[in-house]
Structure formats: C-alpha cells, structure tokens
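Engineer: Please work out how this folds:
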Amino acid sequence: MTDPWHVDEFIATLTGVSDHTKRAYSFDTREFAAWCSRGACIAPHEISPRVLRRYLAYLNTRRLSHSSIARKAASVRALLRYLYRSGVVDHDAGRQLTAPKKVARLPRVPRQSDAVRLLDAAASVATDTGTRRAQALAQRDWLLLELLYGAGLRVSEACGLAPGDIDPRAHTVTVLGKGSKVRRVPVGDPILDAYSAYLAQRPALTTDATRSDALLLNNRGARLGPRDARRILDRFPLENGQRLHPHSMRHAYATHLLEGGADLRAVQELLGHADLSTTQVYTHVTRDRLKAVYNSAHPRA
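Structural biologist: Numbering: from 1, shown residues only. Modelled structure (predicted):
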C-alpha cells in the first residue's frame, strides 16, 4: 500500500544529517502520520492550521519536555516542506507550526581543577602495569577523555575518528562534525601523548576477524560507541562522587577557553557551531570572568 505521506522518500533525502537525527526524524514523522490516520486528516492535502494546533495539543497531553515537542514540530515542518516541494500538496502548511520555545538550561561543567584531576586519574590508570590488552583499553580510555576535554569533540565525533585523523606533526585532529562538515582542531601534548601510547598498544584489541578502521575500539575490536564512552566516563567520578556525561567535557572545553580569555568567535570555530548564538550559551557560565573584566576595565566599576 502506498504511503500518502511519503515518509520513506522524505527520510531518504536527509543525507546531510547524522544517523541519530535521521532516526529521530523518521520516528517523529511516522508518529505524526499515524496520528493523522486515526482521523485527524487522512491525506496530506487535508492538513490545516487547526490540525497542527490539535497535534501540538496532543503532544502536550503526553507531558513531553519542551525540547522533545520542539524536535517533533521541527520534524513535521520538514516533512510538510518536502511534500510541498515535491508537489504532493499545493501549500506548505508546516510554516504555521510553531512549537513552544525550548527552555534554556545552562550546561553543568566541572571546574578546571576537577577536569585536570579526572584526566590525571585516567593517565595514571593507563600507565599501570597489566596485560597488554588491559593496558590498551586503559590507554584508549585516557585518549577518549583527552579528546573530549582537550579538543572539545562531540562523543560521536571522537568515536568516528580513524587512526590517521590525528596529526602529531601538525598538532591537529581532523573531525567530521554535524552536517558532514569537516574541521581541524588544534590539540596539545597531553592528547598526543595519549595517542602515541594507545596506538602502540591498539593491535592488542584487534584480530583478523575484528579488524576495524576506527581509532577507538571497544572490547570486541569494533568501533567504540557513545554508550561505551558513557560507561568509560562513569569510571572516573569527580571527588564529590558526581559522574559526568561525555558532553559535559565539551562544555568544559568551551567554558574554560572563554575563562582563559579566548574570543567567542574562535570558540565557535573550534566547536564547529554553525550559529554563534549556539556558542553564546557559554558566556552565561563565565560570570566570574565577566565581573573581573568589568572591575578591571570600566572606569565606574
């Protein structure tokens, strides 16, 4: 039976997004089509502002978060825009679909001393004696954490690296980011030290049957995944017992750069943000630095 909503064709056009985003759009648009088929509107040409308002009301009854509703609304807008551009419908009804604004939440970040202590702990474990395989896994953990904090990589970017993506001579790592955008990020000696140590032991994690072109490998010799990364970080709690999410390390990277005097535009480039407003959230977590700048620079401070 032909799908009147053309969801499969729509999903096939999403070539410049991550697999995670593609899965989310697929789930959201199929959910919307199923809701419509239950009586709201049988076919796309029956879509109206009233139908879309009813759908948002339905989402609210499910007590979803603002961010989840905003994501689902964005997915539906993209589907309806595709249907309009493909000639399935004669107007883009999705332009009138507005979701509640996402509640801005400041990212929680470890202090610089906490981040350094965490990385030092990982380095210490990596240099302990043990079997070659155990040492390879410990050195992989150390390298992962250094990349998350020392280069500000998204966890998916770190897991997606190949061995040749880190260039010790140029002190850079080449990253494939969101939207298939490539960027080169400078790296320091701690990352290069961890990289060199891990690369020498990496063959202990592979066999002819499990050989992978990924830099970071899991216990089975396959590419390390985001869930693996979360479990690794769980093994290195802060002094207060708090366990960090991998993205907290990226937040810390940006925040500590700004606290050290880095320019916001430069931090945007390092993070791979398409929009400066995305980077500006980090200015809210550096109030102490802003007060210090004000006190030292303004004549009426």
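Engineer: Next one: the nearest residue to Phe32 once chain neighbours are set aside from Tyr84, what distance?
Structural biologist: Ranked by CB to CB, 6 or more residues apart in numbering and with sequence neighbours excluded, the top spatial neighbour of Phe32 is Val76, at 5.0 Å. Placement of C-beta: from N, CA and C, glycine included. With distances taken as CB to CB, to the nearest Å, Val76 is found 13 Å from Tyr84.
Engineer: who touches Asp213 in this structure?
Structural biologist: Contact analysis of Asp213 by CB atoms under 8 Å, 6 or more residues apart in numbering lists Ala162, Pro163.
Engineer: Secondary structure of it: a helix, I assume?
Structural biologist: No. Asp213 is assigned coil when assessed by DSSP: H, G, I helix; E, B strand; the rest coil, not a helix.
Engineer: just the strands in the protein please.
Structural biologist: Counting by DSSP state E, the chain has strands at residues 166-167, 172-176, 182-186.
Engineer: Tabulate those strands (TSV), appending distance to Pro110.
Structural biologist: Listed next are those as TSV, based on distance: least, CB to CB, whole Å:
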stretch	distance to Pro110
strand 166-167	24
strand 172-176	22
strand 182-186	20
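Engineer: how about a markdown table for those strands, with mean pLDDT, distance to Tyr253 and mean neighbour count added?
Structural biologist: Formatted as a markdown table, the strands of the chain follow (pLDDT from 0 to 100; distance: least, CB to CB, whole Å; neighbours: other CB atoms under 10 Å):
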| stretch | mean pLDDT | distance to Tyr253 | mean neighbour count |
| --- | --- | --- | --- |
| strand 166-167 | 97 | 16 | 18 |
| strand 172-176 | 96 | 13 | 19 |
| strand 182-186 | 95 | 10 | 14 |
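Engineer: can you tell me which of those strands comes nearest to Ala229?
Structural biologist: Across those, Ala229 has its closest neighbour in strand 172-176 (15.2 Å, CB to CB).
Engineer: Run the chain-centre distance for the closest one.
Structural biologist: Chain-centre distance of strand 172-176: 15 Å, with CA atoms, centre = their mean, to the nearest Å.
Engineer: For the stretch 101-250 of the chain, give me the ranges with low pLDDT.
Structural biologist: 101-107, 129, 209 (pLDDT under 70).
Engineer: State the distance from Val182 to Val173.
Structural biologist: Val182 is 11 Å from Val173, where distance means CB to CB.
Engineer: picking that back up, okay, and the common contacts of Val76 and Tyr84?
Structural biologist: Contacts common to Val76 and Tyr84, judged by CB under 8 Å, 6+ apart, are Gly94.
Engineer: Looking only at neighbour counts, state which of the two leads.
Structural biologist: Just comparing Val76 and Tyr84: by other CB atoms under 10 Å the higher neighbour count belongs to Val76, 27 against 17.
Engineer: mind listing what the more buried one touches?
Structural biologist: Contact analysis of Val76 by CB under 8 Å, 6+ apart lists Asp28, Thr29, Phe32, Leu52, Tyr55, Gly94, Leu97.
Engineer: Name the residue closest to the centre of the chain, please.
Structural biologist: The centroid of the chain falls nearest to Arg154 when counting by CA atoms, centre = their mean (4.7 Å).
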